[in-house]
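[1] coordinates for the following, if possible.
(4 chains)
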Number of protein chains: 4
Amino acid sequence: MKKVRVGVVGLGNLGELHVRHLQDKIAASEVVAICDVFDERVKAIQEKYEVPTGYTDYDEMLKKEDLDAVAIVTNVQTHKDLIIKACDAKLNIFCEKPLSLDPEECKAIEKKVEENNTKIFTLGFMRRFDPSHAEAMERIRRGEIGKPVLFKSTSLDGVSVIDELLDKCKKGAFHPWFFEMGIHDCDLSRWFLGSEISCAYATGGAYVREEFADYDDYDNGIALATMENGTCATIHVGKAAACSHVEAEIIGTKGTLRINAIPRRNRMQIYKDGYIAEEGIVDFLERWEDAFYLEMANFIDCVLTGRKPEVTVYDGTKSLEMAIVLHKSYMEKRLIKK
Amino acid sequence: MKKVRVGVVGLGNLGELHVRHLQDKIAASEVVAICDVFDERVKAIQEKYEVPTGYTDYDEMLKKEDLDAVAIVTNVQTHKDLIIKACDAKLNIFCEKPLSLDPEECKAIEKKVEENNTKIFTLGFMRRFDPSHAEAMERIRRGEIGKPVLFKSTSLDGVSVIDELLDKCKKGAFHPWFFEMGIHDCDLSRWFLGSEISCAYATGGAYVREEFADYDDYDNGIALATMENGTCATIHVGKAAACSHVEAEIIGTKGTLRINAIPRRNRMQIYKDGYIAEEGIVDFLERWEDAFYLEMANFIDCVLTGRKPEVTVYDGTKSLEMAIVLHKSYMEKRLIKK
Amino acid sequence: MKKVRVGVVGLGNLGELHVRHLQDKIAASEVVAICDVFDERVKAIQEKYEVPTGYTDYDEMLKKEDLDAVAIVTNVQTHKDLIIKACDAKLNIFCEKPLSLDPEECKAIEKKVEENNTKIFTLGFMRRFDPSHAEAMERIRRGEIGKPVLFKSTSLDGVSVIDELLDKCKKGAFHPWFFEMGIHDCDLSRWFLGSEISCAYATGGAYVREEFADYDDYDNGIALATMENGTCATIHVGKAAACSHVEAEIIGTKGTLRINAIPRRNRMQIYKDGYIAEEGIVDFLERWEDAFYLEMANFIDCVLTGRKPEVTVYDGTKSLEMAIVLHKSYMEKRLIKK
Amino acid sequence: MKKVRVGVVGLGNLGELHVRHLQDKIAASEVVAICDVFDERVKAIQEKYEVPTGYTDYDEMLKKEDLDAVAIVTNVQTHKDLIIKACDAKLNIFCEKPLSLDPEECKAIEKKVEENNTKIFTLGFMRRFDPSHAEAMERIRRGEIGKPVLFKSTSLDGVSVIDELLDKCKKGAFHPWFFEMGIHDCDLSRWFLGSEISCAYATGGAYVREEFADYDDYDNGIALATMENGTCATIHVGKAAACSHVEAEIIGTKGTLRINAIPRRNRMQIYKDGYIAEEGIVDFLERWEDAFYLEMANFIDCVLTGRKPEVTVYDGTKSLEMAIVLHKSYMEKRLIKK
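    Numbers count the residues shown, from 1 in each chain, chains lettered A, B, ... in the order given. Model (predicted):
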């Protein structure tokens, strides 16, 4: 079987995860080159996953390697440039979310992607690939809950990582939580409700770590949005929960679907000292391991078969537009219309 | 033991429930008289619970009977008048929620109640007496979850009663859901967060029964409120759920308490046809039976001991003010400041 | 309404519970007399529940009082004598489980009860009245799970009370656990499976408190029984669990019913320190409060209406015979045939 | 990195699963050859997983291929012969459970494996690798529940596959359920309780499909075993449940660990028609996908590092001896001592 030859740019934890899946766990793909600004990191990942070549220069990788696809896992500021070059190189493209933090930039990317439309382009909205989310959507499409009218989304990181997250804010590596985390909830709101945001009000605060406020950020942000088709969504993002807790509830006219109502880590319970306890999910990598794998396997399958992915460049733009409304409302303390 | 002699006015389902508890299940009280505009209903309840005397005229009951207390379970429009007369009669008073639908009226009631302050006055915010809610508050007061910063409340009636509820709207017996149902969520928001509403945005719709819109009502209403102390609350009220589903989540700076995450009816599960299923709670009477009993037992105990109840006339006013903000926002589609 | 005039003999915790229900919570009954060997206890309960008269002599109570019924809540050794005298006095009788610890004695009681068959006789197998158990049986009778073929029963007290239980063993107030606790599981096995025991093997040990062995007792006893109709039951009794944990699973040819799979105390969860925890049930009084109330209300209703109770004197005999097989197998470490 | 060169013999569903993991999902291994009696099956799997060579003759594969290891996934009758030949070929060996159905044969295998002890030998008791089971054992080793004294195991296939299973019985491809399924429960009983069986009593029946009885089989078999160290185990095996339901409970002197108390398939719930429902696990492949992967990854790691696997040939013998006691008791309807 011909394998899809992939180059991966950006070798943080998530970048490494994608390399591992593409190289070791997806039979139809092989990572032929990797790229990162840190030379040592490149060498380490090359060795660990037997990647033939490594680069610290993206242009050089594109020039020298005979690639079928690139996976872009770098920080958001670089996405536009890397995508445009990949389009010029006529490559299939997987890009991590968010597409960009600037709607204008999104439009420019859209235009470029449209020119390269013989190739696959998709974004890392991996929640759609989580088996529970996928089954929920399947049931919605089968009409099991009638028309979805309300989506309640909760996306909380555990407090155990809050200082690390605060540190990333201080370094400018992270953006306010409605963008970093909430972009997923925005995408799911649009996906499940089948509409775009009309207006929203958001509130919350930096309750657990006041310093987040210095970066226009918060450890609990909560928004209520009305969509253009009259349905609505609540989005609660946070980073101070007892454990990693991402919950979703889709309320329809004929029933309700609920995902991860209790964010238990595995199937074990401990009965002790008068309590019945279950461990909570430790972090997002633990929660979404399957989803990250399935989204990448889906990308490779699209490349091989030419099937169009469900997640498009436009989802990147629209989800950003929604996140901007939420964050703006949080900052300006008023109802924001799109 | 001297029993508290109670007169109950208003003999709907809830009125009968209170009669049953006061007469049959609370040793320290006895229902010596009941009153309702429907003569047949009065006779029926008298016989069923062995109530010595019955009236169709409240004034007559107050005049002829030697009462220690009255329980007012009539429709909200009558509350002010009945409370004032009970105050003049120097009686201990239990009044169902909402206190009134008019803040001015609430003020007048407050003034009158203050004049009668040697007697007990309390309102039927029974959720505070639900064992799970009571334990949650106890843990909050012990500091187990740090400072409460976010309250997420869900109050849904099952769709099985929606037509009956619509019928009550048509008859003018029911008011918009943020008042009828949401008043409880408003009270709990204030109780758990220890603050009053600052502003809120509400949305939703008459998705399942469009006719609700003709009565400024909705089958799903959802609001996001910021409180004066900077904490916030989401309140989702509805009447089209799969079952009676009232859920509460209090998020603190050091932990989270959650009540009724899965609204199961009892302890039974059925494993069949590839599914594991639990029956949902049928209706609010089933859900709150214990709470209704405990709130009334608490009222009787306050009367006997002179202990001041935790739920005061001011909770009635403040909760109404909050409900008004939510409903106004829903109707005007904008952020409403108190 | 004429109230059923009840005399209660035996005023331990359970005796007091029955007095409270009969006197304060069941409108159709009144406790007109109570009896216990301890004079102070009689006086205390009389005052607390306004019981007109108290006795330390059962014969005197029967002679002087005009009773409709007696509730026998004394230790098992006295049951036969008290029941026979109540039969001679032509009274309706409620007797706590176990009926007796001697099958011969059971037969003598059966004979006497048959002579008094114009009156009600029932036993305190209250689990049958627990709403979840009652609903399970109703579903079984409706055929929802086909033919019940296997019953898995778990009856554990929490370790928090183990020393108190050990103390009762030392005082001879308690008998081995297959009798004290297991008698309920035996009754439920017979009820759900519709058959009597054929043979059983039991094992386990005094793992947590070795001293139980000195009294032919154990903190974990587990038995596997085959019933005469070919169905089977596992019964696990214990007194060293993390909380009070009584679970029942009825496996049928077309589905399974499960009761109390997770022995949570109420509807509250706490999310903290990486865990999602629920409090376990504290003790049997907390778990069965409703059931104790409903079984007594049912007894009073039977007395008033003449309806025959479902739990008969024969259930007392048969359940004992089953418990004897389990305990004998535990002691002799072999399969015991009935 | 040098990859472990594996030959897989036996290409049923499970054989294919192992090929997929070894070839596509475990970076450190490659399937260089496969073998099965059905030529078409060999060709199909070769193509699907890009396996260079295929055989219908095991001896030929061992002779021609330069293998590091073999994975034996054939029916149990062939295990001894295939293992002995693999030992003679000085290969690392992974063999599916059960090792054999004859204790004598087990001894012969043990002897041979001991001669080849410079190489790895392990068995497919994959449950030990399930994350929940692994965590439970880790907690037990840390002493979190004190000394394990009682193990309650439930291993049920869903009724949806019962006719397929019955068909395999008729074809002689399947053995009685205490062997096919129960061997896992026997292994876990030994693992968690740290002891071997002393005696057991088993019962149950062919309740749902009477024909199982013609093959000394049953759709529900339940056993109670006492172990040599005085601890005990209940084992319930079946093939007529509402869904695939494998549950384990380890009761210790200081706490209890429970695995898969509710056999939910994923994280999705549906609220509809008055019920809250979760899908049950469909089949064992769905339940144990992770465990099958982790056990094989562990085998490959042992081969590479020379680390001894925890599951040894002796576990195969001992677990069989326990299963024999259970089945014999079921057949002879008496307590069987080992």
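
[2] wait, what's in contact with the residue in the stretch 101-250 of chain A that chain D sits nearest to?
    Here the stretch 101-250 of chain A gets closest to chain D at one residue, residue A:132, 4.1 Å apart by C-beta to the nearest C-beta. Glycine gets a C-beta too; all of them are placed from N, C-alpha and C. Neighbour list for residue A:132: A:259, A:260, D:266, D:267, D:268 [criterion: C-beta atoms under 8 Å, 6 or more residues apart in numbering or on different chains].

[3] now do 10 Å
    Under the criterion of C-beta atoms under 10 Å, 6 or more residues apart in numbering or on different chains, the neighbours of residue A:132 are A:248, A:257-260, A:290-291, D:265-269, D:279.

[4] and if you look at residue A:136?
    A:130, A:144-145, A:148, A:188, A:192, A:248-250, A:257-259, D:266-270.

[5] in strands only, show me those residues.
    Counting by DSSP state E, the part of those found in strands is A:148, A:248, A:249, A:250, A:257, A:258, A:259, D:266, D:267, D:268, D:269, D:270.

[6] report pLDDT for the fourth one.
    This means residue A:250. pLDDT, residue A:250: 98.

[7] give the bridge partners for the residue lying closest to residue A:287 once chain neighbours are set aside, please.
    Among residues not flanking residue A:287 along the chain, residue A:281 sits closest, at 4.9 Å (C-beta to C-beta, 6 or more residues apart in numbering or on different chains). Note on residue A:281: beta-bridge partners residue A:244, judged by DSSP bridges.

[8] what is the burial count for residue A:281?
    22 (other C-beta atoms under 10 Å in any protein chain shown).

[9] please apply the same query to the one 10 residues further on.
    Neighbour count for residue A:291, taken as other C-beta under 10 Å: 21.

[10] and it, how far is that from residue A:127?
    6 Å (C-beta to C-beta, to the nearest Å).

[11] give me the common contacts of those two.
    In contact with both residue A:291 and residue A:127: A:133, A:134, using C-beta under 10 Å, 6+ apart.

[12] how about the residues of the stretch 51-200 of chain A by chain B?
    Where the stretch 51-200 of chain A comes near chain B, counting by C-beta under 10 Å from any C-beta of the partner chain, the residues are A:145-150, A:152, A:154, A:156, A:159, A:198-200.

[13] narrow those to just the buried residues.
    Taking 16 or more other C-beta atoms under 10 Å in any protein chain shown as the criterion, what is buried in these is A:145, A:146, A:148, A:149, A:150, A:152, A:154, A:156, A:159, A:198, A:199, A:200.

[14] picking that back up, which of the ones in strands among the contacts of residue A:136 lies closest to residue D:333?
    Using C-beta to C-beta, the shortest approach to residue D:333 within these belongs to residue D:266, at 41.2 Å.

[15] for chain C, what are the nearby residues on chain A?
    A:156, A:158-160, A:241-245, A:262-265, A:269-282.

[16] buried subset of those as a ChimeraX selection?
    Selecting only the buried entries of the residues of chain A next to chain C in ChimeraX, with 16+ other C-beta under 10 Å as the criterion:
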select /A:156,158,159,160,241,242,243,244,245,262,263,264,265,269,270,271,272,274,275,276,277,278,279,280,281
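
[17] would you confirm that residue A:128 contacts residue A:312?
    No. Using C-beta atoms under 10 Å as the test, residue A:128 is too far from residue A:312 to be in contact (11.8 Å).

[18] quick one on the thing from earlier: now, which of the residues of the stretch 51-200 of chain A next to chain B sits nearest residue C:206?
    residue A:159 (43.2 Å).

[19] and the closest residue to that closest one other than its chain neighbours, which of the three is it?
    Among residues not flanking residue A:159 along the chain, residue A:240 sits closest, at 4.5 Å (C-beta to C-beta, 6+ apart). At residue A:240 the chain is in strand, as set by DSSP: H, G, I helix; E, B strand; the rest coil.

[20] and the pLDDT for residue A:240?
    At residue A:240, pLDDT is 97.

[21] and residue A:325, that's in a helix?
    Yes. With three-state DSSP as the criterion, residue A:325 is part of a helix.

[22] got a list of what it touches?
    When contacts are counted by C-beta under 10 Å, 6+ apart, residue A:325 touches A:178, A:186, A:197-202, A:223, A:225, A:335-338.

[23] mind checking which of these are buried?
    Using 16+ other C-beta under 10 Å as the threshold, A:178, A:186, A:197, A:198, A:199, A:200, A:201, A:202, A:223, A:225, A:335, A:336 are the buried ones among the contacts of residue A:325.

[24] once you drop chain neighbours, what's closest to the residue nearest the centre of chain A?
    In chain A, the centroid-proximal residue (C-alpha atoms, centre = their mean) is residue A:125; its distance is 4.1 Å. Closest residue to residue A:125 apart from its sequence neighbours, by C-beta to C-beta, 6+ apart: residue A:187 at 4.6 Å.

[25] neighbours of the one you found, how many?
    Neighbour tally, residue A:187, other C-beta under 10 Å: 24.

[26] OK, contacts around it?
    Going by C-beta under 10 Å, 6+ apart, the list of residues near residue A:187 reads A:97-98, A:123, A:125, A:127-128, A:311, A:315-316, A:318-320, A:322-323.

[27] where along chain A do the helices fall?
    Counting by DSSP state H, one finds helices in chain A at the ranges A:13-20, A:39-49, A:58-64, A:79-88, A:103-115, A:131-141, A:162-170, A:177-180, A:182-193, A:284-305, A:313-332.
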